[in-house]
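Engineer: I would like to see how this sequence folds:
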Amino acid sequence: MDLLITGGTVVTMDADRRVIEDGVVAVRGDTIATVGERSATDLREGAAKTIDASGSLVLPGLINGHAHAAMSLFRGFADDHSLDDWLQKYIFPAEAQNVTEEFVTWGTRLSALEMVRGGITTFADMYYFEDAVARATKEAGMRGILGETIVDFPAPDHRTPTEALAYTENYIRAWKNDSLITPAVAPHSIYTLSEKNLQSAAALARRHGAPILMHVAEAPFETAISRAKHGLSPVAYLERIGLLGNDLIGAHCIWVDAADIAALARHGVGCVHNPSSNMKLASGVMPVTELLAAGHAVGLATDGAASNNSQDLFEEMDIAAKLQKIARMDPRALPAKQALEMATIGGARALHLEKQIGSLEEGKKADLILVDTNGPHAIPMYNVYSQLVYAMKGADVKTVVIAGKVVMENRQMHTLDEEKIVAKTREYRKKVAGI
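Structural biologist: Reported below is the predicted structural model:
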């Protein structure tokens, strides 16, 4: 074996939801070779590297199903606005003025640093200069489903949708066989793209077998635009023009009725919940329990740091569970185990990657994290799922392994220069603020 993790409590998130006390996870290359009890596992051959997980929970790496990584450099830039105003009056102008390939590179590095420190091993991204996002993600050792954003108006990297589509095709070709990076196409939304360009973006993705990332039914204004222009809900409109499919990953999916939920399920669309961002922008509450009841794969996400403003998926699990409870006045809505599923195996299903990641099982990719259980807020522990969702924080993650490689160990980063990233971020803050 190349890596052996022993002595921790292994929260597998497999089909049986096994929790193994004093467990072992053995890794060969980038793949999990064995998961089981230490007493029942033959460890005589040892491994090139062994990590003692005593006092820790060992669980699958968390999956952040929707992000705008480079927007970490806009964290706190324009808070307390509606989504429409936030985008049109603040974010789009700020992007036009500040976003360059270098900006995207450093913003992605900052996000990668924050996400790895919080136990996120995979993220889905929508932004500009996505080739730079891919390079920075690969440099960090993270797994990414990374989509180049397509919009009808001039963007920081392309003046026209035609240019953006041509760039995206080259980007897909360059990265399509990478072990960590899955290139994707990201038509922004129905309110930033014409029907023709939406269909062109989907056609490009399907020509190459690439995922489609898109904001879907995110806010009331989007629904109003769709009904006024098309006489249909956003989901019904997307179905009519052929966008819905099992390659689509829809972020938000808030303003959906029973017919929309049925359509999303029928087409196998992955839906991703962004509770903090949706609350902060007053976009609405995703009907998570209804989507899950309909058989949907529902993931969990932070959205970008400009609208959250952190990228702590432990916090999102906590908020997601509590938000469903208060929205329905039912404390049984979205139990802790389901919230953890959304951040692990459910998130993998939403991204259509459940055969590779999302649980600790033989043959899956070795993406896993060690969570320290020795803090005062982590004891006593009666239920591992409740503790992870309602008590633990991203700062409790001490070691992160992605594709069998140790990316962070005992809170020390192995792939990113934290001091340099922090210094560069402070430089960008002055530029964005005009200081």
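Engineer: which parts of the least confident helix or strand in the chain by mean pLDDT are buried?
Structural biologist: The helix or strand with the lowest mean pLDDT-type score in the chain, counting by mean pLDDT, DSSP states H and E, is helix 83-85 (a mean of 89). Buried residues in helix 83-85, defined by neighbour count with 16 or more other Cβ atoms under 10 Å: 83, 84. C-beta: built from backbone N, CA, C; applies to glycine.
Engineer: outside of it, which residues touch it?
Structural biologist: 218, 219, 221, 281, 282, 283 (Cβ atoms under 8 Å, 6 or more residues apart in numbering).
Engineer: let me have these in a markdown table, extended by pLDDT.
Structural biologist: A markdown table is the format used below for the contacts of helix 83-85 (pLDDT from 0 to 100):
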| residue | pLDDT |
| --- | --- |
| 218 | 96 |
| 219 | 93 |
| 221 | 94 |
| 281 | 93 |
| 282 | 93 |
| 283 | 94 |
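Engineer: could you point out which element follows the least confident helix or strand of the chain?
Structural biologist: Where DSSP states H and E defines the elements, the next helix or strand beyond helix 83-85 is helix 92-98.
Engineer: which other helices and strands contact the very next helix or strand once past that following helix?
Structural biologist: Going down the chain from helix 92-98, the next helix or strand is helix 101-117, by DSSP H and E. Secondary-structure packing of helix 101-117 (3 or more Cβ pairs under 8 Å, 6 or more residues apart in numbering; DSSP states H and E): strand 62-67, strand 120-127, helix 130-140, strand 405-409, strand 412-413, helix 418-433.
Engineer: try it again with 6 Å
Structural biologist: If contacts are counted by 3 or more Cβ pairs under 6 Å, 6 or more residues apart in numbering; DSSP states H and E, helix 101-117 sits against helix 130-140, helix 418-433.
Engineer: partners of the helix or strand sitting right after the shortest one along the chain, with directions?
Structural biologist: Downstream of helix 130-140, the next assigned helix or strand under DSSP H and E is strand 143-150. The pairing partners recorded for strand 143-150 under DSSP bridges are strand 120-127 (parallel), strand 181-187 (parallel).
Engineer: export the ones you listed to JSON lines and tack on distance to residue 341?
Structural biologist: JSON lines is the format used below for those (distance: least, Cβ to Cβ, whole Å):
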{"stretch": "strand 120-127", "distance to residue 341": "15"}
{"stretch": "strand 181-187", "distance to residue 341": "22"}
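Engineer: tell me which of those approaches residue 271 most closely.
Structural biologist: With Cβ to Cβ as the criterion, residue 271 lies closest to strand 120-127 of the strands paired with strand 143-150, at 12.2 Å.
Engineer: where in the protein is pLDDT low?
Structural biologist: 42-45, 435 (pLDDT under 70).
Engineer: most neighbours of all the contacts of helix 83-85, which one?
Structural biologist: Per-residue neighbour counts (other Cβ atoms under 10 Å) across those peak at residue 218, which has 28 neighbours.
Engineer: apart from its chain neighbours, what residue comes closest to it?
Structural biologist: Leaving out its chain neighbours, the residue that sits closest to residue 218 by Cβ to Cβ, 6 or more residues apart in numbering is residue 252, at 3.9 Å.
Engineer: and residue 400, by the same measure?
Structural biologist: residue 408 (4.3 Å).
Engineer: surely that neighbour and residue 398 touch.
Structural biologist: No. Residue 408 lies out of contact with residue 398 (Cβ atoms under 6 Å); the separation is 7.9 Å.
Engineer: neighbour-wise, which of those two wins?
Structural biologist: Neighbours around residue 408 and residue 398, counted as other Cβ under 10 Å, are more numerous at residue 408. The numbers are 23 against 20.
Engineer: who is the more buried one paired with across the strands?
Structural biologist: Beta-bridge partners, per DSSP bridges, of residue 408: residue 400, residue 413.
Engineer: for it, give its distance to residue 55.
Structural biologist: Applying Cβ to Cβ, to the nearest Å, the value for residue 408 to residue 55 is 17 Å.
Engineer: what does residue 303 give?
Structural biologist: Residue 303 is 33 Å from residue 55, by Cβ to Cβ.
Engineer: repeat that for residue 112.
Structural biologist: Per Cβ to Cβ, residue 112 is found 27 Å from residue 55.
Engineer: next one: residue 121
Structural biologist: For residue 121, the distance to residue 55 - Cβ to Cβ - is 21 Å.
Engineer: give me the more crowded residue out of those two.
Structural biologist: residue 121 (26 against 15).
Engineer: from what I can see that one touches residue 402, true?
Structural biologist: Yes. The criterion here is Cβ under 6 Å, and residue 121 meets it with residue 402 at 4.8 Å.
Engineer: common neighbours of these two, please.
Structural biologist: Residues touching both residue 121 and residue 402 (Cβ atoms under 6 Å, 6 or more residues apart in numbering) are residue 367.
Engineer: so residue 255, which state does it fall into?
Structural biologist: coil (DSSP: H, G, I helix; E, B strand; the rest coil).
Engineer: in terms of contact, does it touch residue 223 like I think?
Structural biologist: Yes. Judged on Cβ under 6 Å, residue 255 makes contact with residue 223 at a distance of 4.7 Å.
Engineer: could you find the closest non-adjacent residue to the residue most central in space within the chain?
Structural biologist: The centre of the chain sits closest to residue 64, judged by Cα atoms, centre = their mean, with a distance of 1.9 Å. Excluding its sequence neighbours, the residue lying closest to residue 64 (Cβ to Cβ, 6+ apart) is residue 123, at 4.0 Å.
Engineer: that neighbour and residue 247: what is the separation?
Structural biologist: 18 Å.
Engineer: neighbour count for those two, which is higher?
Structural biologist: Taking other Cβ under 10 Å, residue 123 and residue 247 do not tie; residue 123 has more neighbours (29 against 21).
Engineer: one step back: so the residue nearest to residue 64 makes contact with residue 67?
Structural biologist: Yes. Between residue 123 and residue 67 there is a contact at 5.0 Å, judged by Cβ under 6 Å.
Engineer: buried sites along the strand or helix carrying residue 260?
Structural biologist: Using DSSP H and E, residue 260 sits within helix 258-266. For helix 258-266, burial by neighbour count (16+ other Cβ under 10 Å) applies to 260, 261, 263, 264, 265.
Engineer: what's it packed up against?
Structural biologist: Using 3+ Cβ pairs under 6 Å, 6+ apart: helix 258-266 touches helix 234-240.
Engineer: tell me the buried residues in the helix it packs on?
Structural biologist: Buried residues in helix 234-240 (16+ other Cβ under 10 Å): 234, 235, 236, 237, 238, 239.
Engineer: and it, what does it pack against?
Structural biologist: Short answer (3+ Cβ pairs under 6 Å, 6+ apart): helix 234-240 packs on helix 220-230, helix 258-266.
Engineer: can you point out the buried residues in the longest one?
Structural biologist: Which is helix 220-230. 220, 222, 223, 225, 226, 230.
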